[in-house]
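Enquirer: Provided below are the primary sequence and the corresponding predicted coordinates.
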Amino acid sequence: MRFKKPIVALSTAALLALAACGGGGGDEGGSDEGSGGSVDKDTLGSRSDAKDAEAEGPASIDGAEKGGTVTVLTLPGLTTSIDPTEAYYSDVLSILEGLMTRQLTQYKYDAKSGGQVLVPDLATDLGTPNDDYTEWKFTLRDGVKWETGDPITAEEVAFGICRSMDSETFPEGPGPYYSVPFLDVTKGYKGPYSTKGASADKPATDCGAVTTEGNDITIKLSQPFPDFDYWAAFPAIGPIPLDPKVSDPAKYRLHPWSSGPYKIDQYTTGKTLTLVKNDQWDPATDPARTQYPDTYEFKAGVQSAQIDQILLADTGEGQTTLTYDDVLAKDFRKFQTDFADRLVIGGAPTTYYYAPDYRKITDKAVREALIWATPYKDTTIAAGLLPDINAIPATQLMPPGIPGREEFNMLPDHPEWATDPDKAKQILEESGNLGFEIKFLWRTDNDTDVKAKDVLVKALTEAGFKPTPIATTEAKYTTERDDITNDLNFRSAGWGSDWPSGSSWIPPLLGTNPSKTSAGTNYEVFSEADVDAKIKDILAGDPAKAPAAWGALEKEILTKYLPIIPRFYSGAAMAHGSRIQGFENDSNSGTPTWKDLWVSSE
């Protein structure tokens, strides 16, 4: 999934996550690593693979109180679509899945392990595959409703799954990477709105891959997909109203119907989101979610330093406020020393990297020079991050802990986080590329991004490049960064596992993106036919051999082509006010455990 982080120069636009190991605020139970825990560098990319197919609702928390308003402050959040089919940034994904939408499966926080457990959601269990994983069957539970009071039907779930096929309408969603290659759809089907003859008024709702009978849903796949029960936890594999007047993408992205404990009261893209209780949600049907606070008020565009000061002061509304942004390095020690019970440190399987445009920076020597020129540590410090706490030096794409990962260095003679402008300049001179222009975005309304931009410009200049920073704003950043028709040739990205497998790293990040206008998740616009062929072979091969195959393919791609510049593995260092309870780290996304939050009366 895409991550968004306010304090990283050129950062991707999808939330954040830090790479310590385990739990959160430590109110009760759980891991003791929540406040100032150490970082286990060997398991940064580990995600829990625990499953409980028999989990039942209602979920409850001993001692939790009802009522109150949770205020959520963030710098970069809420700038991307909240349409469930399109949502693929960790902030929006976690908010939707935790508070608003329901899918076939979901995750539940386990206090004992500090990890997440895959449990049923709309379905009665985690699904039943056939012998070769080319067919999955789910049964929709009774009693689930939309916020309107209308029952959610199997046909609406089928429509939601088929809707995820529409890469043209939802190019930023996860569907192009998991539904398009796997669903066994009718020939020529390209989604409800992009199939020939279809439109928003008359969507093509039947893709041929999903059939229903009563509450039973059968999904047919064109190739084995052993991880489909994980994919089924995404909002993109959830119900969508069949009425085209409601589900029209232009409208639905602004107000998706709720099937979870909270519904939208007010939403302004990039600014605010107010959620209130959904009185049609039945806790007896939900094994993981709760509904303690009355209201959630999300406010975006708040500078990181201001957020930290509000939480450190812990007065008035600040006591019921939290952030899913990282606290700044200058404030981290204060939290750790004086307010450790309100500092939430935890892991997430995330890597941040620079992505040179493979179409425009065609000489491998230039990409090699960029690896030597990048000021890894200096930009990290300038951006307010903490080396070895929430910025762990990276030498490859997949973080430690991913099954099958091989440890290697893209350039054998390049130590981690080594910056050598003289060597970079020598490579440029010898290859005839001295003065090569590097064009990248920076956000004028992000204080730490401004500082990190200056550090990057200085380093690239010293290395013999011609840096050209292009100004944008936080609200426009995602759209402009993902536009591959503009002049940019150097982007920044952050990525986290969709589930614990190389299949959620290599295909979406290094497989050819069919779009001619949007980077999708392939921010470097990398495309090589031999790589695509090997990806296809692994996906169609023996699932037991896949982990090692993904690890070997990652090493081959990164050392042969140098398509990216790994920067650091990350995680979450979040904070909250003294009356916020139940705040732990969701190790799948480095965001709060929304399903467990409540507000104490004192």
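Expert: The structure has been received and is ready for your questions. Numbering: from 1, shown residues only.
Enquirer: CA atoms for contacts and neighbours, from now on please.
Expert: Fine.
Enquirer: could you give the number of residues near G57?
Expert: 16 (other CA atoms under 10 Å).
Enquirer: should've said E437
Expert: 17.
Enquirer: residues contacting the residue lying closest to it once chain neighbours are set aside?
Expert: Excluding its sequence neighbours, the residue lying closest to E437 (CA to CA, 6 or more residues apart in numbering) is K466, at 4.4 Å. Applying CA atoms under 8 Å, 6 or more residues apart in numbering, we find K466 in contact with 435-438, 460.
Enquirer: same question for F159.
Expert: 205-206, 239-240, 242.
Enquirer: could you do N409 as well?
Expert: Applying CA under 8 Å, 6+ apart, the residues near N409 are 395-396, 415, 559.
Enquirer: same thing but 7 Å
Expert: Applying CA atoms under 7 Å, 6 or more residues apart in numbering to N409 gives the contacts 395-396.
Enquirer: tell me the SS of it?
Expert: coil (DSSP: H, G, I helix; E, B strand; the rest coil).
Enquirer: quick one, helices of the stretch 451-600 of the chain?
Expert: 474-482, 506-510, 529-540, 546-561 (DSSP state H, counting those that start in this stretch).
Enquirer: what about stretch 139-153, start to end distance?
Expert: 11 Å (CA to CA, to the nearest Å).
Enquirer: now that stretch: average pLDDT?
Expert: For stretch 139-153, mean pLDDT rounds to 97.
Enquirer: so for it, what gets flagged as buried?
Expert: Residues of stretch 139-153 classed as buried: 139-141, 144-147, 152-153 (neighbour count, 16 or more other CA atoms under 10 Å).
Enquirer: which one of the residues you listed is nearest P403?
Expert: T139 (30.5 Å; CA to CA).
Enquirer: got the contact list for that closest one?
Expert: 123-124, 215-217.
Enquirer: show me where the stretch 251-400 of the chain has its strands.
Expert: Along the stretch 251-400 of the chain, the stretches classed as strands by DSSP state E, counting those that start in this stretch are 262-268, 272-277, 295-300, 321-323, 343-356, 392-393.
Enquirer: winner for burial among those?
Expert: strand 343-356 (a mean of 30; mean count of other CA atoms under 10 Å).
Enquirer: okay, now the sheet partners of that one, with direction.
Expert: strand 490-496 (antiparallel), strand 565-576 (antiparallel) (DSSP bridges).
Enquirer: from the chain's centre, how far out does that strand sit?
Expert: 10 Å (CA atoms, centre = their mean, to the nearest Å).
Enquirer: residue farthest from the centroid of the protein?
Expert: E430 (39.8 Å; CA atoms, centre = their mean).
Enquirer: tell me which of the strands of the stretch 251-400 of the chain sits nearest to R289.
Expert: strand 262-268 (10.3 Å).
Enquirer: what does the closest one contact?
Expert: 99-100, 255, 273-278.
Enquirer: ok, back up a step: which of the strands of the stretch 251-400 of the chain sits closest to P508?
Expert: strand 343-356 (13.9 Å).
Enquirer: and that closest one, what's its mean pLDDT?
Expert: For strand 343-356, the per-residue pLDDT averages 88.
Enquirer: cool, stretch 395-412 as well?
Expert: Mean predicted confidence for stretch 395-412 is 91.
Enquirer: low-confidence bits of the stretch 351-500 of the chain, can you list those?
Expert: Counting by pLDDT under 70, the stretch 351-500 of the chain shows no low-confidence range.
Enquirer: ramachandran angles for F234?
Expert: phi -80, psi 140 (degrees, to the nearest 10).
Enquirer: what sits against it?
Expert: F234 touches Q103, counting by CA under 7 Å, 6+ apart.
Enquirer: and for stretch 58-69, what's in contact with it?
Expert: 283-290, 292-296, 320, 598-600.
Enquirer: now swap in stretch 497-504 and tell me
Expert: 1, 47, 230, 349-350, 402-403, 505, 547, 550.
Enquirer: distance to R359 for these - can I get that in JSON lines?
Expert: What follows is these, written out as JSON lines (distance: CA to CA, whole Å):
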{"residue": "M1", "distance to R359": "24"}
{"residue": "R47", "distance to R359": "34"}
{"residue": "Y230", "distance to R359": "33"}
{"residue": "P349", "distance to R359": "28"}
{"residue": "T350", "distance to R359": "26"}
{"residue": "I402", "distance to R359": "29"}
{"residue": "P403", "distance to R359": "31"}
{"residue": "W505", "distance to R359": "21"}
{"residue": "P547", "distance to R359": "29"}
{"residue": "W550", "distance to R359": "24"}
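Enquirer: tell me the one of those residues nearest I82?
Expert: Closest to I82, out of all of the contacts of stretch 497-504 and judged by CA to CA, is M1, at 14.5 Å.
Enquirer: circling back: restricted to buried residues, select the contacts of T139 in PyMOL.
Expert: In PyMOL syntax, the buried subset of those is picked out as below (16+ other CA under 10 Å):
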select buried, resi 123+124+216+217
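Enquirer: what is the burial count for the nearest residue in space to P176 that is not next to it in sequence?
Expert: The shortest distance from P176 to any non-neighbouring residue, by CA to CA, 6+ apart, is to S167 (5.6 Å). Neighbourhood size, S167 [other CA under 10 Å]: 24.
Enquirer: separation between S167 and A209?
Expert: Taken as CA to CA, the span from S167 to A209 is 16 Å.
Enquirer: what of P249?
Expert: 22 Å.
Enquirer: ok, back up a step: look up how far Q396 lies from the residue nearest to P176.
Expert: The value you get for S167 to Q396, if CA to CA is used, is 29 Å.
Enquirer: same deal with E168?
Expert: 31 Å.
Enquirer: neighbour count for these two, which is higher?
Expert: For E168 versus Q396, neighbours defined as other CA under 10 Å are more numerous around Q396 (26 against 15).
Enquirer: what residues are up against the closest residue to the more buried one other than its chain neighbours?
Expert: Distances taken as CA to CA, 6+ apart put P566 closest to Q396, at 5.6 Å, once the chain neighbours are dropped. With contact taken as CA under 7 Å, 6+ apart, P566 is in contact with 352-354, 394-397.
Enquirer: go on, L75?
Expert: The neighbourhood of L75, defined by CA under 7 Å, 6+ apart, consists of 6, 300-304.
Enquirer: one more time with 10 Å
Expert: Neighbour list for L75: 4-7, 270-271, 299-307, 323-325, 445-446, 474-475 [criterion: CA atoms under 10 Å, 6 or more residues apart in numbering].
Enquirer: about what we covered before: surely the residue nearest to P176 is in contact with P514?
Expert: Yes: between S167 and P514 there is a contact under CA atoms under 10 Å: 9.2 Å.
Enquirer: ok, back up a step: mean neighbour count, the helices of the stretch 451-600 of the chain: which tops it?
Expert: helix 506-510 (a mean of 22).
Enquirer: which helices and strands sit right next to that helix?
Expert: helix 175-178, strand 490-496, helix 529-540, helix 546-561 (3 or more CA pairs under 10 Å, 6 or more residues apart in numbering; DSSP states H and E).
Enquirer: and the shortest one, how far out from the chain's middle?
Expert: What it means is helix 175-178. 14 Å.
Enquirer: could you give the mean pLDDT of that helix?
Expert: Rounded mean pLDDT across helix 175-178 is 90.
Enquirer: then stretch 578-586?
Expert: The model assigns stretch 578-586 a mean pLDDT of 95.
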